[in-house]
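Chemist: Sequence and predicted structure below; questions after.
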Amino acid sequence: MRSDEVKKSVERAPNRCLIYATGITKKSVHKPFIGIASSFSDLVPGHIGMRDLERFIERGVEAGGGTPFIFGLPAICDGIAMGHSGMCYSLPSRELIADCIESVANAHKLDGLVFLTNCDKITPGMLMAAGRLNIPSIVVTAGPMMTGFYNGKRRSLVRDSFEAVGLFRAKKIKDCELEELEMCACPGAGSCQGLYTANTMACLTETMGMSLPGCGTALAASSKKRRIAYDSGVRIVELINKQILPRRIMTSEAFHNAIVMDMALGGSTNTVLHLPAIANECGKKLPLTLFDEISKKTPNIVKLEPAGDYYMEDLENAGGISAVMSVLKNKLNDNPTVSGLRISEIIKEGEVKNSDVIRPLNKPYNQTGGIAILFGNLAPNGCVVKQSAVSSKMLKFTGTARICESEESAMNLITLKKVKKGDVLVIRNEGPKGGPGMREMLSPTSAIVGMGLSESVALITDGRFSGGTRGPCIGHISPEAIAGGVIGVIKDGEEITIDIPNRKIVVRLTDVEIKLRLARKKVIEPKIKTGWLSRYAKLVTSADLGAILK
């Protein structure tokens, strides 16, 4: 066992002394040491229920013959960090989480890891660590939140609080209604209720085989989630005994399966950042073009909020990820999983219990997948849009540029009602380096929707949009402005064409004019010059590479 390095031989007497100081018995020292990497936090609704799950994982580890050790990891709630400088820390926290896990696991020579996670950057950060360390690992995602209820309707975070800001500005709801929505849209523990980044990553983690069947959609605070946590604790000891390693699970075929599932579900655009970053830690490459190739061949058969009116609880009740797999069976590779079952065996157990929530292939919501990758002179290295959440009227759109040098300047234009039909809001200097940290911009997109402009105004950015975004919002424009991207030299009033079906995004400028402007462009000074984010900005790569550090 790896842990023998810290607990065997005469020379390790001082090490054992400190291990015994934790309160474990002599018998427990001889068992595999299992790290439970927990991102419990009182600050994050998706994580407040993890103390309970930690107990069930511990029970499972003990029952399986291991010795559990819980250690903590940082967790950021993107919804709370949204709309201000705090969001600069969200994407960079993914790298910190992976580094923290590497540090603890290697310093203490842990034999295996159970990752207890849920929200947006925490799950990919943990999977990156699994690929990097390549020691037996299993993931437990803490589960989606139930919907709220108000005025006879189910409610959720994005449509009923973020978009309510735009409704309030447009004088379509009153102060008292806004306050009621604030109080009831998020009724308790769990990741936000739609197919945003957290829940998308939970579903893809299950699809890749890194969590037990049913984990991706099992609701927070449910007895089912407790049983999955317990079984994961038992299973990690078996994974250690059989030396089943993450890179044996997270193969190229598994990443292909994850992208197929992503397109079928209509998942968050942030997966285009996270899957390549996880693959990179496993020694694999996932080019942007692969996402688009798979999207063109994969129908969108699930439509949860923000694209549709169903929620994660509906997907769970309709059969969950195994049911979706059963529909996609001819498009998926037969990979091994941490459960010991192969994908083909899990598919046999899958059953669709609601054929509108999970539609058959011959009756999809859309013939192609939820995400599209666009290229053109405005984004030579590509950009991303959640096409499943775009109105058919806006799949092709030509408008005039309104330049915003930051998210705040865009929100200022929107709230002052200076945005007009036919505008393309260009939000720049918000990329991985320029942000720094590539802030999610749910506030401006939600305000546009709430004000009734989602079918007449487009937004483009070198930053990124939330998984909860809907409408013609194109993110990840690469290269970003600070790295010499064309987005940095566009001027107010210039014509921009977005053509999602033909995968094009173009500004009406000649190649000669673009070259001249880029040659004359002044060097942009970094916004933050001290602390962790200043170091991050120097090391982070472009969004089309997954914003990994080099």
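Modeler: Cool, got the structure.

Chemist: For the protein, which strand extends over the most residues?
Modeler: With DSSP state E setting the assignment, residue counts place strand 396-404 as the longest strand in the chain.

Chemist: Name the strands paired with it and say parallel or antiparallel.
Modeler: Strand 396-404 has the following sheet partners, assigned by DSSP bridges: strand 423-427 (parallel), strand 495-499 (antiparallel).

Chemist: Give me the mean pLDDT for that strand.
Modeler: Averaging pLDDT along strand 396-404 gives 96.

Chemist: helices or strands next to whatever helix or strand comes next after that strand in the packing?
Modeler: Where DSSP states H and E defines the elements, the next helix or strand beyond strand 396-404 is helix 407-415. Other elements packing on helix 407-415 under the criterion 3 or more C-beta pairs under 8 Å, 6 or more residues apart in numbering; DSSP states H and E are helix 163-169, strand 396-404, strand 423-427, helix 442-450. For glycine as for every other residue, the C-beta is placed from the backbone atoms N, C-alpha and C.

Chemist: Only the buried residues of the second one, if you could.
Modeler: This means strand 396-404. F397, G399, A401, R402, I403, C404 (16 or more other C-beta atoms under 10 Å).

Chemist: Which strand residues bridge the spatially closest residue to the first one that is not a sequence neighbour?
Modeler: Right, the one you point to is F397. In space, not counting the residues next to it along the chain, F397 is nearest to I498; the distance is 4.8 Å by C-beta to C-beta, 6 or more residues apart in numbering. Per DSSP bridges, the residues bridged to I498 are F397, I505.

Chemist: In contact with the nearest residue to G125 once chain neighbours are set aside, which residues are there?
Modeler: Nearest non-adjacent residue to G125, counting by C-beta to C-beta, 6+ apart: I97, 3.1 Å away. Neighbouring residues of I97 by C-beta atoms under 8 Å, 6 or more residues apart in numbering: S39, L73, P74, K121, I122, G125, M126, M128, A129.

Chemist: From the residues you listed, pick the one nearest I294.
Modeler: The closest of the contacts of I97 to I294 turns out to be M128 (C-beta to C-beta; 21.4 Å).

Chemist: what pLDDT does that closest one get?
Modeler: Per the predicted model, pLDDT is 98 at M128.

Chemist: Isn't it up against L275?
Modeler: No. Checked against C-beta atoms under 8 Å, the pair M128 and L275 is beyond contact range at 10.6 Å.

Chemist: can you give me the helices for the stretch 1-150 of the chain?
Modeler: Secondary structure of the stretch 1-150 of the chain, counting by DSSP state H, counting those that start in this stretch: helices at 4-7, 13-20, 26-29, 50-64, 78-81, 90-107, 122-133.

Chemist: With distance to L518 added, can I get those helices in JSON lines?
Modeler: What follows is the helices of the stretch 1-150 of the chain, written out as JSON lines (distance: least, C-beta to C-beta, whole Å):
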{"stretch": "helix 4-7", "distance to L518": "53"}
{"stretch": "helix 13-20", "distance to L518": "58"}
{"stretch": "helix 26-29", "distance to L518": "62"}
{"stretch": "helix 50-64", "distance to L518": "48"}
{"stretch": "helix 78-81", "distance to L518": "33"}
{"stretch": "helix 90-107", "distance to L518": "26"}
{"stretch": "helix 122-133", "distance to L518": "33"}
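
Chemist: do you know which of those lies nearest L442?
Modeler: With C-beta to C-beta as the criterion, L442 lies closest to helix 78-81 of these, at 7.8 Å.

Chemist: Could you list the alpha-carbon positions for that closest one in PDB?
Modeler: Taking C-alpha atoms only, helix 78-81 is exported to PDB below (Å, rounded to 0.1, in the frame of the first residue of the first chain):
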ATOM      1  CA  ASP A  78     -20.900  30.800  -8.300                       C
ATOM      2  CA  GLY A  79     -24.300  32.300  -7.700                       C
ATOM      3  CA  ILE A  80     -23.100  34.200  -4.700                       C
ATOM      4  CA  ALA A  81     -19.900  35.200  -6.400                       C
END
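
Chemist: Mind giving me the packing neighbours of that helix?
Modeler: Helices and strands touching helix 78-81, as assessed by 3+ C-beta pairs under 8 Å, 6+ apart, are absent.

Chemist: Next, the buried residues of that helix.
Modeler: In helix 78-81, counting by 16+ other C-beta under 10 Å, buried: D78, G79, A81.

Chemist: Help me confirm that K529 is found in a helix?
Modeler: No. Using DSSP: H, G, I helix; E, B strand; the rest coil, the assignment for K529 is coil, not a helix.

Chemist: burial of it, as a residue count?
Modeler: Neighbourhood size, K529 [other C-beta atoms under 10 Å]: 9.

Chemist: cool, and R247?
Modeler: Look at R247: counted by other C-beta under 10 Å, it has 16 neighbours.

Chemist: Tell me which residues are up against the helix or strand hosting V384.
Modeler: V384 is part of strand 379-385 when elements are defined by DSSP H and E. Contacts to strand 379-385, defined as C-beta under 8 Å, 6+ apart, come from residues 269, 272, 288-289, 371-375, 460, 472-479, 485-487, 500, 505, 542, 544.

Chemist: hey, which helix is longest across the chain?
Modeler: Longest helix in the chain by number of residues (criterion: DSSP state H): helix 223-242.

Chemist: now the buried residues of helix 78-81 as CSV including pLDDT and distance to A410?
Modeler: Output for those, formatted as CSV (pLDDT from 0 to 100; distance: C-beta to C-beta, whole Å):
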residue, pLDDT, distance to A410
D78, 92, 18
G79, 90, 19
A81, 92, 17
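
Chemist: Tell me the one among those nearest to A170.
Modeler: Comparing these against A170 with C-beta to C-beta places G79 closest, at 21.9 Å.

Chemist: number of nearby residues for E455?
Modeler: Around E455 there are 15 other residues, counting by other C-beta under 10 Å.

Chemist: Ignore what I typed, I meant E206.
Modeler: E206 has 30 neighbours, counted by other C-beta under 10 Å.

Chemist: if you skip the residues just before and after it, what's nearest to it?
Modeler: G216 (3.6 Å).

Chemist: Check E180 too.
Modeler: Spatially, and ignoring its direct neighbours in sequence, E180 is nearest to Y150 (5.8 Å; C-beta to C-beta, 6+ apart).

Chemist: Quick one: residues contacting the residue nearest the centre of the chain.
Modeler: For the chain, the residue nearest the mean C-alpha position is T197 (3.4 Å; C-alpha atoms, centre = their mean). Applying C-beta under 8 Å, 6+ apart to T197 gives the contacts D78, D120, S268, N270, T271, H274, S466, G467.
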